[in-house]
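J.: Can you look at this prediction? I've put the sequence above it.
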Amino acid sequence: MLVFQNACRTVFLLCMLSLTPFYGYSAQSINDNEILNPNFENNLVDLSKKCSCKQLTYYLNIEDFVESFIEIPTSNVLVDSTTITSSYLAGRAALYNEKNVKVGTCSASFLNMQNADGIYTDISNYLSVDSGLIVTWFTPTTLINLELDSIVHSMVTECIVLASTKVGVNPFYGKTFNMVVSSDDQKIYFKLTRIKN
């Protein structure tokens, strides 16, 4: 019986040791603003409890974003349509943290429709960070014109986002953030503040 208990203990410890590097790496990559202590006991704690980040900040370069753009052809279905003109654009760009290190990708698509009342844009946004954070959100807005600069800067918004997509080990899954999207002449900024839920 003693031999069997020792064998079980040995197998258990070997399993734990083989998992330690994996959990240690995942815990260290949880966020860019916090360095976690990857000791043995902490590695065994549920990773979702380690997501104690209060604020995350990222940006993309507008020039990179615009250079990636594709245009999907649009046309009116009816001859007497109320839509005067339309366009459908999509693009993606690398996402950087405050230390100017590439940490993920942002993509967005812009469906623009103009009628007698003005220009309406429906923006579908997607942000994926290497740490596991994945959020999507929609931005309905109106534009002054259909020029590219006006379309790109229409991403500016404030919204509540939920990390509702889980791919692999994801410490952000189920967490809610208040996100402020802002811009200047060169960059689009994403500032996410954790909301306790």
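T.: That came through, no problem.
J.: what ranges do the strands span in the chain?
T.: Here the chain has its strands, by DSSP state E, at 55-61, 70-72, 85-97, 102-115, 118-129, 134-143, 157-162, 176-183, 187-195.
J.: State the pLDDT value of residue 4.
T.: Residue 4 carries a pLDDT value of 39.
J.: Relative to residue 153, how far out is the residue nearest to the spatial centre of the chain?
T.: Centroid-nearest residue in the chain: residue 127, 2.4 Å away (criterion: CA atoms, centre = their mean). Distance, residue 127 to residue 153, by CB to CB, to the nearest Å: 17 Å. C-beta: built from backbone N, CA, C; applies to glycine.
J.: just residue 159 next, same as before
T.: Note on residue 159: its distance to residue 153, by CB to CB, is 16 Å.
J.: Same check on residue 136?
T.: Distance, residue 136 to residue 153, by CB to CB: 20 Å.
J.: Thought residue 108 was touching the residue nearest to the centre of the chain, still the case?
T.: No: between residue 127 and residue 108 no contact is recorded; they are 9.2 Å apart, counting by CB atoms under 8 Å.
J.: Enumerate every residue touching residue 124.
T.: The contact partners of residue 124, by CB atoms under 8 Å, 6 or more residues apart in numbering, come to 108-109, 111, 136, 138.
J.: Spatially, which two of the residues you listed are the most separated?
T.: The span of those, defined through CB to CB, is set by 111 and 136 at 15.3 Å.
J.: mind listing what the closest residue in space to residue 118 that isn't next to it in sequence touches?
T.: Among residues not flanking residue 118 along the chain, residue 142 sits closest, at 5.6 Å (CB to CB, 6 or more residues apart in numbering). The contact partners of residue 142, by CB under 8 Å, 6+ apart, come to 118-121.
J.: Right, I'll call it a day here.
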